[in-house]
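Chemist: model the following, please.
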Amino acid sequence: NHSSAATAVITSDAFVNQALSQVQTGLEKIAGITIEHFDNGAPGNVATLTIRGAGGFAGGSNTGYEVLVLQDGQPMRNGQFGDFDVSAITPAIYSRVEVVKGVGGTSLFGANTIGGTVNLVTRDPLHTEGGELQMGFSGFGTSDYNLSETDTIGRFGYLFDFHQYGTDGFIPAGFRADYGAGGKGQFGVVTTPTLAFKVRSGLGKLRYDFSNSTYGVLGFSDESDIRDQTGLLSNPSPVCFSNTTSCVTDPAGNPYFFGFPGNYVWNLQPKYSFDLHTTLGGGSLELRAYHQWVRRVVDGENAATPSFMCCFIQTSADRLTGLSGIWTREFGNNTLVLGVGANGDYYNFGSKFAFEKFVPTSAIDFTTPGNGQATEIERTILVRDDDVLSPKFDLTAAGYYSDYDTLKVKRFDPRLAVVNKPDANTVLRASIGTGFAAPRLSDLNPSLDTNSSDSGTAAGCPQSN
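Modeler: Numbering: from 1, shown residues only. Next up, the predicted model:
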């Protein structure tokens, strides 16, 4: 690996050979990457990336926006936290996952990141016919299915992939959850916690070859899931009362769990894209456009919700849109890359709730949750030159120009890296550069209030609740 930044690549074969059902499981095997989970490591638990200490829930706050998650070079994020939940990403529709550590000048949208970049590269249609069926089963009711088919007929190529992964959750049946405040059981709700998780992903691509050097690809992908979070907030430590040294266990002798009764989550992430690949001025040109929804619904108004918790609903939706163009050409020992792109995020958040103990459900209108809105548009220009100075030394010089509408910031970030190859088995890298982490939309817009007690209360519901 002679790249100017420390990189790692996980291929689709590696995921299959190691029977990894989620991308996050493969990422956490890479040195320098930590997958941070919300209280426990269940498959359906929210997971964010930390690369070399940047991102995730560092310091008790969510700084996931310090790392960049891309799909085919296009940003994926949510406006509330600025990060992306990688727990719903399954390897089935990807040919490889690329990881760049630090502020390497490799991605068009790489200036607004501190820790590094993860790029998920989707599969492409093959020139020969091929298909596969994969099935996997394991404990806790876990199953994994994947069906794909690809071929090229004349000028047309196609690929379809359908995938489903589900599990009942990694909690033994003997455990119990006490939903009383502080584990004291005031509300008298004790039940078995669940962490059921099911994700469905799909990928469809149609390629048309206009000539030997020009082709276009129309793509659609979706990674949607449903999660039963009754045990999501679980803590496997024994419940100990503050005024005594005794701890509470269930009849089987297992420690009680804490949970969130009646809490279900839906995530919908459909994406449409079009790519055009051609030659221009002796180099290769890639033009890309995409539109994606990242929608999340937290539902606490279902029949399984205990009456004292009923009812609440929370929604967030990001509409991500982007255009980009990258031109690459070799000049002797130099490789010149010119890139320009823009992407926008229109974010909408809403929340309403009422606890039956305090406010009658009839007083809350759950059909029109209160909301906050914000928009951010980013424009970026990249110039990079990779120069082979000698058989033992490579030099990379790059510069980013970034323009953010909401931030009202225009800035230039330079990158410089030297790679030394003293022998065939050794690579030494030295690099210097600047970068920045763009704040979350919820930090930038004062009118975007993501506090559920403020943004979604109805008349008669006290703010303190």
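
Chemist: in this structure His37 contacts Val46, no?
Modeler: Yes: counting by Cβ atoms under 8 Å, His37 does reach Val46; the two are 7.0 Å apart. Backbone N, C-alpha and C define where each C-beta goes, glycine included.

Chemist: neighbour count for those two, which is higher?
Modeler: When neighbours are counted by other Cβ atoms under 10 Å, His37 and Val46 differ, and Val46 comes out ahead with 21 against 17.

Chemist: nearest residue to the residue nearest the centre of the chain other than its sequence neighbours?
Modeler: Central residue of the chain (Cα atoms, centre = their mean): Phe84, 3.1 Å from the mean position. Spatially, and ignoring its direct neighbours in sequence, Phe84 is nearest to Val69 (4.2 Å; Cβ to Cβ, 6 or more residues apart in numbering).

Chemist: got a list of what the one you found touches?
Modeler: Leu49, Pro75, Met76, Arg77, Asp83, Phe84, Val86, Thr117, Val118, Leu120 (Cβ atoms under 8 Å, 6 or more residues apart in numbering).

Chemist: report the mean confidence score over whatever helix or strand it lives in.
Modeler: Assigned by DSSP states H and E, Val69 belongs to strand 67-71. Mean per-residue pLDDT for strand 67-71: 89.

Chemist: and that strand, how far from the chain's centre?
Modeler: 7 Å (Cα atoms, centre = their mean, to the nearest Å).

Chemist: parallel or antiparallel, list what pairs with that strand.
Modeler: Strand 67-71 pairs in its sheet with strand 74-75 (antiparallel), strand 116-122 (parallel), by DSSP bridges.

Chemist: the first one: what's the following helix or strand?
Modeler: Along the chain past strand 74-75, the next helix or strand (assigned with DSSP H and E) turns out to be strand 94-101.

Chemist: name the residues of that next one that come out as buried.
Modeler: Tyr94, Arg96, Val97, Glu98, Val99, Val100, Lys101 (16 or more other Cβ atoms under 10 Å).

Chemist: re earlier: the inter-axis angle of the strand holding Val69 versus strand 94-101?
Modeler: If you take axes from the mean of the first three to the mean of the last three Cα atoms, to 10 degrees, strand 67-71 sits at 160 degrees to strand 94-101.

Chemist: low-confidence ranges in the protein?
Modeler: 1, 38-40, 57-62, 104-106, 172-192, 230-263, 300-312, 351-371, 439-465 (pLDDT under 70).

Chemist: what are the ranges of the helices in the stretch 101-250 of the chain?
Modeler: Counting by DSSP state H, counting those that start in this stretch, the stretch 101-250 of the chain has no helices to list.

Chemist: which stretches in it count as strands?
Modeler: 116-122, 130-138, 142-153, 156-167, 177-178, 190-191, 197-209, 215-228, 239-240, 247-248 (DSSP state E, counting those that start in this stretch).

Chemist: who's in contact with the third one?
Modeler: Okay, so that is strand 142-153. 21, 92, 123, 125-137, 157-168, 207.

Chemist: and the first one, by the same measure?
Modeler: Counting by Cβ under 8 Å, 6+ apart, strand 116-122 makes contact with 23, 27, 49, 51-52, 54, 67-73, 86, 89, 93-102, 104, 106-107, 110, 203, 205, 219, 221, all of which sit outside it.

Chemist: buried only: go through these for me.
Modeler: Buried among the contacts of strand 116-122 by 16+ other Cβ under 10 Å: 23, 27, 49, 51-52, 54, 67-73, 86, 89, 93-94, 96-102, 104, 106-107, 110, 203, 205, 219, 221.

Chemist: now the angle from the strand holding Val69 to strand 215-228?
Modeler: Going by the same axes, to 10 degrees, strand 67-71 makes 120 degrees with strand 215-228.

Chemist: hey, what's the residue nearest to Phe84 bridged with?
Modeler: Note on Val69: beta-bridge partners Val118, judged by DSSP bridges.

Chemist: Gly435 is in contact with Pro414, correct?
Modeler: No: at 10.2 Å, Pro414 does not count as touching Gly435 under the criterion of Cβ under 8 Å.

Chemist: and these two? which has more neighbours close in?
Modeler: Taking other Cβ under 10 Å, Pro414 and Gly435 do not tie; Gly435 has more neighbours (22 against 12).

Chemist: ok, that one - contacts?
Modeler: Shown in contact with Gly435 (Cβ under 8 Å, 6+ apart): Val103, Gly110, Ala111, Asn112, Thr113, Ile114, Asp413.

Chemist: circling back to that earlier point, and of the strands of the stretch 101-250 of the chain, who's closest to Asn17?
Modeler: Nearest of the strands of the stretch 101-250 of the chain to Asn17, taken as Cβ to Cβ: strand 130-138 at 11.9 Å.

Chemist: what's in contact with that closest one?
Modeler: In this structure, residues lying in contact with strand 130-138 by Cβ under 8 Å, 6+ apart are 16, 19, 21, 142-151.

Chemist: let's see 7 Å
Modeler: Ala19, Ser21, Ser143, Asp144, Tyr145, Asn146, Leu147, Ser148, Glu149, Thr150 (Cβ atoms under 7 Å, 6 or more residues apart in numbering).

Chemist: wait, which of those residues is closest to Tyr215?
Modeler: Thr150 (15.0 Å).

Chemist: who does that closest one bridge with?
Modeler: For Thr150, the beta-bridge partners are Gly130, Leu159 (DSSP bridges).
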